[in-house]
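Student: sequence plus predicted model, see below.
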Amino acid sequence: MNFPLYKQMMKIQMKSILNYAIGSAFYMILMVWIYPSIAVNTKSLNEFVKVMPESLLKAFGFENGFGSFESFISGEYYGVILTIILTIFCVILPTQLVAKLVDQGSMAYLLSTPITRGKVVFTQACVFFTGIFLIMLITTISGFVGYALFLNEEDSFHALKFIQLNIAALLLFFAVGGISFLVSCISNDEKKSLGISGAIAFGFFSLDMIGKISEKVEWLRHFTIYSLFSPSDIVSGDANLVLSFSLLGLIGILTIAIGILFFQKRDLPL
């Protein structure tokens, strides 16, 4: 990794990273703040959940009801909202770090310096991982801050499950970003890279949602990495964390490694 380049790219991307991180933290604090009022009506809400279609509950991660803060947040935030927001981030940032620089000619300038292609693109990968790590770290911290400010001992809060939720989310978006990074490394055009990465990422997300809604097409979930991230299963203790963590981490590492190899071998436009 080239540290001067890393510092410069982090400086350029930090505003965008912090916007996502602060937005996620704000929403997390908001969820913690409103949970006590939700918890008061847990019984009636759980009765309402029981009469809803099981497929709909599964699609939005409400299978566990509202018995704990983790159950509430897994469906209310991690199930859909955070996933959509950070999928957008993991499509845009890798595209900006590689394909945009190639498209604008800035990459040729970087490669004219005494830095190897491998170091340049590996540094960009480190910038991406730092960004997603900071977002999830700030999100996790905000959850604990919200707990200290707004929840009391009567409100159930399982710190380990909450941490596991955030680790799972980090690894999911590392994998999604890895795929986008690979696409970015083989693209000369920023818009095409963005379009392809977005189609793959949101195509995977859509397949996962459709597979959850109907048992007849549940097999579609076998073709998407989003099936490896199940907030409700993590909260209930039914998730195979070792398997999902390992697969998501491996997907992220392999796609970034393949992207770096492709970038080293390919011809760049003048």
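Tutor: Perfect, thanks for sending it.
Student: the helix or strand harbouring Leu207 packs against which elements?
Tutor: Following DSSP states H and E, one finds Leu207 within helix 190-213. For helix 190-213, the elements it packs on are helix 54-60, helix 81-94, helix 100-104, helix 159-185, judged by 3 or more CB pairs under 8 Å, 6 or more residues apart in numbering; DSSP states H and E. Every C-beta, even on glycine, is put in place using the N, C-alpha and C of the backbone.
Student: so Lys212 touches Glu218, yeah?
Tutor: Yes. Here Lys212 lies in contact with Glu218, judged by CB atoms under 8 Å, at a distance of 7.5 Å.
Student: pick out whichever of the two has more residues nearby.
Tutor: Between Lys212 and Glu218, counted using other CB atoms under 10 Å, Lys212 has the larger neighbour count: 23 against 15.
Student: for stretch 10-25, which outside residues touch it?
Tutor: With contact meaning CB atoms under 8 Å, 6 or more residues apart in numbering, stretch 10-25 is reached by 82, 85-86, 89, 93, 96-97, 127, 130-131, 134-135, 138-139, 141-142.
Student: next, the buried residues of that stretch.
Tutor: Under the neighbour-count criterion of 16 or more other CB atoms under 10 Å, stretch 10-25 has Met10, Gln13, Ile17, Tyr20, Ala21, Ser24, Ala25 buried.
Student: the last one: which element?
Tutor: If you go by DSSP H and E, Ala25 is part of helix 3-40.
Student: with adjacent residues omitted, what lies nearest to Glu76?
Tutor: Closest residue to Glu76 apart from its sequence neighbours, by CB to CB, 6 or more residues apart in numbering: Met31 at 6.1 Å.
Student: low-confidence stretches in the protein?
Tutor: Of all residues in the chain, those with pLDDT under 70 make up the ranges 38-68, 152-156, 269-270.
Student: what residue lies at the spatial centre of it?
Tutor: In the chain, the C-alpha nearest the mean C-alpha coordinate belongs to Phe173, at 3.0 Å (CA atoms, centre = their mean).
Student: report the contact partners of that one.
Tutor: Contacts of Phe173 (CB under 8 Å, 6+ apart): Leu86, Thr87, Phe89, Cys90, Ile132, Met136.
Student: rerun at 6 Å
Tutor: Remark: with contacts taken as CB atoms under 6 Å, 6 or more residues apart in numbering, Phe173 is in contact with Leu86, Cys90, Ile132.
Student: any idea how far Glu215 is from the first one?
Tutor: Meaning Leu86. Using CB to CB, to the nearest Å, Leu86 is found at 28 Å from Glu215.
Student: the more surrounded of those two?
Tutor: Neighbours per residue, other CB under 10 Å: of Leu86 and Glu215, the larger number sits with Leu86, 22 against 11.
Student: quick check: Leu101 touching Leu111?
Tutor: No. Leu101 is beyond contact range of Leu111, at 9.8 Å (criterion: CB atoms under 6 Å).
Student: neighbour-wise, which of the two wins?
Tutor: A direct count of neighbours by other CB under 10 Å for Leu101 and Leu111 places Leu101 higher, at 22 against 16.
Student: what is the neighbour count of the nearest residue to the more buried one once chain neighbours are set aside?
Tutor: Leaving out its chain neighbours, the residue that sits closest to Leu101 by CB to CB, 6+ apart is Met107, at 4.1 Å. By the measure other CB under 10 Å, the count of residues near Met107 is 22.
Student: check which helix or strand Met107 maps to.
Tutor: Element membership for Met107, per DSSP H and E: helix 106-111.
Student: following that helix, which helix or strand shows up next?
Tutor: On the C-terminal side of helix 106-111, the nearest following helix or strand under DSSP H and E is helix 117-150.
Student: so what does that next one touch, helix or strand wise?
Tutor: For helix 117-150, the elements it packs on are helix 3-40, helix 81-94, helix 159-185, helix 241-265, judged by 3 or more CB pairs under 6 Å, 6 or more residues apart in numbering; DSSP states H and E.
Student: for that helix, which residues meet the burial criterion?
Tutor: Within helix 117-150, the residues scored as buried using 16+ other CB under 10 Å are 117, 119-132, 134-136, 138-140, 142-143, 146-147.
Student: check stretch 172-181 too.
Tutor: Neighbour counts over stretch 172-181 (16+ other CB under 10 Å) mark Leu172, Phe173, Phe174, Ala175, Val176, Gly177, Gly178, Ile179, Ser180, Phe181 as buried.
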